[in-house]
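Trainee: Fold the stuff below for me.
(one chain, ligands or ions: 1)
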Amino acid sequence: MEKSSYFLFGGTNFNKKKFASDFAKFKNRTEDDDSNKKLSFFEEEEESEQEKKVVSSKKRKRRSANSEPVEGFDVFKSSKKAKGKEERQNTKYEILENPQKELNRQMEKDALARKQYNIHVSGINIPPPLKGFAELSSRYGCKKYILRNLAEMGFKEPTPIQRQAIPVLLSGRECFACAPTGSGKTIGFICPMLMKLKRPSTDGIRAVILSPARELAAQTAREGRKLIKGSKFKIRLMTKPLVKTADFSKLHCDVLISTPMRLKRLIKDKKIDLSKVEFLVLDESDKLFEKGLLNQIDCVVKACSNPSIIRSLFSATLPDSVEELARSIMHDAVRVIIGRKNTASETVNQKLVYAGTEEGKILALRQRFAESLNPPVLIFVQSKERAKELYDELKCEDIRVGVIHSDLPPGEREKAVDSFRAGETWVLIATDVIARGMDFKGINCVINYDFPNSASAYIHRIGRSGRAGRSGEAVTFYTEEDVPFLRNIANTMMSSGCEVPSWIMSLKKKKWKKHTPKRDSISTRPKATAKNDQKE
Ligand SMILES: Nc1ncnc2c1ncn2[C@@H]1O[C@H](COP(=O)(O)OP(=O)(O)OP(=O)(O)O)[C@@H](O)[C@H]1O
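Mentor: Model prediction:
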């Protein structure tokens, strides 16, 4: 018997050949992703211009038939008026005669476009959403290299958040934006930032992006570098070596991406000048506004003292408290919400699994893997200790498993992420350190081995799957200890279109403060064996 073709899970045999179809799916998906990237954006735009002409008359009919009210505008009334043929024929004359009418017509168009993409806005004088990336150049004079890079990245159409947040930021307005996980928020802030900066400069740091975790900061830097390819812009990631060696007064850095802690230290030591920063983005803003980080954020916000700075907040979850706090520091900000605030991605099929006890959980996991292991799979646990325990439990079972938590040195953390991205590990066990923002292509399943400690933790964790329009799956194990909080998760599941058993919906709602109960050890092996393993 060839050992490598079997996965051994505490008595259960895993036959690699038997699951060959599962692994093949994983492979195909990656190949599909790559082929998408090769599509030419310019070809697509030409096509869509022609298509536009054909469908425009259909659209007009559909629009006038649409009697539903649209946020901020009464479409029904205006559509009736717009019906008159003569009115349309004399557009030029009308603009001069009746600018208000023209303004109303434009507002109607904007409202319809927002309705189509489920964009909700508040604020005054909000610029219209983008029709397509081509408008970046026709409306805003975007440099060719950005359009070329967007095309090379395989992006044919802006996502809803990009359609609205990009024009808002380009019009010089501050913005707080809430859009589902995996909906392209990163490009939503990097693209307008680069366009507003116009050209590279050696005259100090001009834009700062704050991310709550190193891995996310590195990923944002990578995404940004793809967008500046062919230009001389410099995007710098605040790494430990950079902190130690760089002279920030001489460093060419247009955009600096950092975690708040590292930046705060440099500010306190007066080693960095942020007074020329024109753009400040707080990514995963609700996380950054949590108690532990608020102090550091405050320090960075103060150091970015340029009075004409444009600040923006982006996240998939935006609690009212954060909005309030944001309003107090922002000027005339536009609020952009895609879909409903604080909901999970609709492309993730979510399930709750009763595991009873800790022992039940490991059995349920093994059984799941025995039935079908369809990598990549991401498993979340509630603490680094539990991440280590689960890793020790699975690593001996001939399954390619990795682990990431805050106790690992930066190099090891990076390696864990890279191996998972490259498909070298199929299962990654993680704490919430990578629950936010991380974009692993094509994660098939997220398993909440430990029940999440809040609704927002749930939304971000399961949002590592079902990204950029792909479908995904999320399984949440629960034990007796978690039952009081089931209803909270069930509500989130329901509002993103998933079915929940009626008995769960009839449970009482419980206001939860961080739910991290003390759980029994995951390890099923005698302690002495586990200790010996560690010594080796
Ligand atoms: N216009 C687009 N068309 C297709 N794919 C896109 C587009 N914009 C971004 N993407 C891709 O969508 C994926 C998710 O994007 P991104 O990581 O920015 O999501 P996000 O909204 O920030 O998610 P999270 O809330 O989890 O941080 C990435 O792989 C990104 O490359």
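Trainee: ok, now which ones touch the residue in the stretch 201-350 of the chain positioned nearest to the ligand?
Mentor: Across the stretch 201-350 of the chain, the shortest distance to the ligand (C-beta to the nearest ligand atom) belongs to A316, at 3.9 Å. Any C-beta I mention is one placed from the backbone N, CA and C, and that applies to glycine too. Listed by C-beta atoms under 8 Å, 6 or more residues apart in numbering, the contact set of A316 reads C178, A179, P180, T181, S183, K185, N342, I459, H460, G463.
Trainee: Tell me which two of these sit farthest apart.
Mentor: The largest distance within the contacts of A316, taken as C-beta to C-beta, falls between K185 and N342 and amounts to 14.6 Å.
Trainee: out of those two, which sits in the more crowded spot?
Mentor: A direct count of neighbours by other C-beta atoms under 10 Å for K185 and N342 places K185 higher, at 25 against 20.
Trainee: That one touches C175, doesn't it?
Mentor: No - look at K185 against C175 with C-beta atoms under 8 Å: they stay out of range, at 11.1 Å.
Trainee: Quick check: neighbours shared by these two?
Mentor: A shared contact of K185 and C175, defined by C-beta under 8 Å, 6+ apart, is any residue touching both; here these are A165.
Trainee: Correct me if wrong: V417 contacts M438.
Mentor: Yes - using C-beta under 8 Å, V417 makes contact with M438 at a distance of 7.5 Å.
Trainee: any idea how far S419 lies from R400?
Mentor: Using C-beta to C-beta, to the nearest Å, one gets 8 Å for the distance from S419 to R400.
Trainee: Can you give me the neighbour number for A151?
Mentor: Around A151 sit 20 other residues, with neighbours defined as other C-beta under 10 Å.
Trainee: typed the wrong thing, it's Q350
Mentor: Count around Q350 with other C-beta under 10 Å applied: 27.
Trainee: R173 now?
Mentor: Look at R173: counted by other C-beta under 10 Å, it has 20 neighbours.
Trainee: worst-scoring helix or strand of the protein, pLDDT-wise?
Mentor: Of all helical and strand segments in the chain, the minimum by mean pLDDT, DSSP states H and E falls on strand 6-9, at a mean of 25.
Trainee: circling back to that earlier point, narrow the contacts of A316 to those in helices?
Mentor: Using DSSP state H, the members of these that fall within helices are K185, I459, H460.
Trainee: for the second one, what are its contacts?
Mentor: Counting by C-beta under 8 Å, 6+ apart, I459 touches T181, A316, T317, N342, T343, A344, S345, T492.
Trainee: Would you reformat those residues as TSV and include distance to E359 and pLDDT?
Mentor: Listed next are the contacts of I459 as TSV, based on distance: C-beta to C-beta, whole Å; pLDDT from 0 to 100:
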residue	distance to E359	pLDDT
T181	32	96
A316	34	96
T317	33	96
N342	34	88
T343	34	90
A344	29	93
S345	31	92
T492	27	93
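Trainee: Could you tell me which of the residues you listed count as buried?
Mentor: Buried positions within the contacts of I459, assessed by neighbour count (16 or more other C-beta atoms under 10 Å), are T181, A316, T317, N342, T343, A344, S345, T492.
Trainee: now, which of the contacts of A316 sits nearest S137?
Mentor: Nearest to S137 among the contacts of A316, with distances taken as C-beta to C-beta, is K185, at 22.0 Å.
Trainee: I'd guess P127 is in a helix, am I close?
Mentor: No - the assignment for P127 (DSSP: H, G, I helix; E, B strand; the rest coil) gives coil, which keeps it out of a helix.
Trainee: Can you give me the neighbour number for it?
Mentor: When neighbours are counted by other C-beta under 10 Å, P127 registers 18.
Trainee: any idea how far it lies from D110?
Mentor: If you go by C-beta to C-beta, the gap between P127 and D110 works out to 8 Å.
Trainee: Mind listing what's buried along stretch 166-178?
Mentor: Going through stretch 166-178 with 16+ other C-beta under 10 Å, the ones that come out buried are I166, P167, V168, L169, L170, S171, R173, E174, C175, F176, A177, C178.
Trainee: Mind pulling up the pLDDT for the fourth one?
Mentor: Turning to L169, the model gives it a pLDDT of 98.
Trainee: I'd say it and I310 touch.
Mentor: Yes - contact status for L169 versus I310: in contact at 6.5 Å, counting by C-beta under 8 Å.
Trainee: intersection of neighbour lists for those two?
Mentor: The contact sets of L169 and I310 overlap at K196 (C-beta under 8 Å, 6+ apart).
Trainee: Name all residues that make contact with P517.
Mentor: By C-beta under 8 Å, 6+ apart, the contact set of P517 is E481, D482.
Trainee: Before we go further, it is sitting in a strand, right?
Mentor: No - with three-state DSSP as the criterion, P517 is assigned coil and is not in a strand.
Trainee: Low-confidence ranges, the stretch 401-536 of the chain, go.
Mentor: Within the stretch 401-536 of the chain, the stretches falling below the threshold (pLDDT under 70) are 512-513, 526-536.
Trainee: same question, the stretch 1-150 of the chain
Mentor: Ranges of the stretch 1-150 of the chain meeting pLDDT under 70: 1-97.
Trainee: that older thread, which neighbours do S419 and R400 share?
Mentor: Shared between the contact lists of S419 and R400 (criterion: C-beta under 8 Å, 6+ apart) are residues T425.
Trainee: got the residues of the protein near the ligand?
Mentor: Where proximity means C-beta under 6 Å from any ligand atom, the interface of the chain facing the ligand comprises 155, 158-159, 162, 179, 181-187, 316, 437, 439, 463, 467-468.
Trainee: tell me the mean pLDDT over stretch 207-222?
Mentor: What stretch 207-222 shows for mean pLDDT is 96.
Trainee: Quick check: phi and psi at the residue of the stretch 201-350 of the chain closest to the ligand.
Mentor: Reported as degrees, to the nearest 10, the phi and psi values for A316 are phi -90, psi -10.
Trainee: Return the residues in contact with A457.
Mentor: Here A457 is in contact with D432, A435 (C-beta under 8 Å, 6+ apart).
Trainee: In which helix or strand does it reside?
Mentor: Taking DSSP states H and E as the criterion, the element that holds A457 is helix 455-462.
Trainee: Span of stretch 319-336 from start to end?
Mentor: By C-alpha to C-alpha, to the nearest Å, the extent of stretch 319-336 from end to end equals 14 Å.
Trainee: If you count neighbours, what's buried in it?
Mentor: Neighbour-count burial for stretch 319-336 [16+ other C-beta under 10 Å]: P319, V322, E323, L325, A326, M330, A333, V334, R335, V336.
Trainee: Take the residues you listed and write them to a markdown table, including distance to M505, pLDDT and secondary structure.
Mentor: Supplementary listing: these in a markdown table, determined by distance: C-beta to C-beta, whole Å; pLDDT from 0 to 100; DSSP: H, G, I helix; E, B strand; the rest coil:
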| residue | distance to M505 | pLDDT | secondary structure |
| --- | --- | --- | --- |
| P319 | 23 | 92 | coil |
| V322 | 28 | 89 | helix |
| E323 | 28 | 89 | helix |
| L325 | 32 | 86 | helix |
| A326 | 33 | 85 | helix |
| M330 | 37 | 89 | coil |
| A333 | 36 | 94 | coil |
| V334 | 36 | 96 | strand |
| R335 | 30 | 96 | strand |
| V336 | 31 | 97 | strand |
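Trainee: Determine which two of these are furthest apart.
Mentor: Between all members of the buried residues of stretch 319-336, the longest pairwise span (C-beta to C-beta) is found for P319 and V334 and amounts to 18.7 Å.
Trainee: give me every residue that touches the nearest residue to C142 once chain neighbours are set aside.
Mentor: With C-beta to C-beta, 6 or more residues apart in numbering as the criterion, C142 has its nearest non-adjacent residue at 3.7 Å, and that residue is L136. Shown in contact with L136 (C-beta under 8 Å, 6+ apart): L130, C142, I146, L147, I166, C191, M195.
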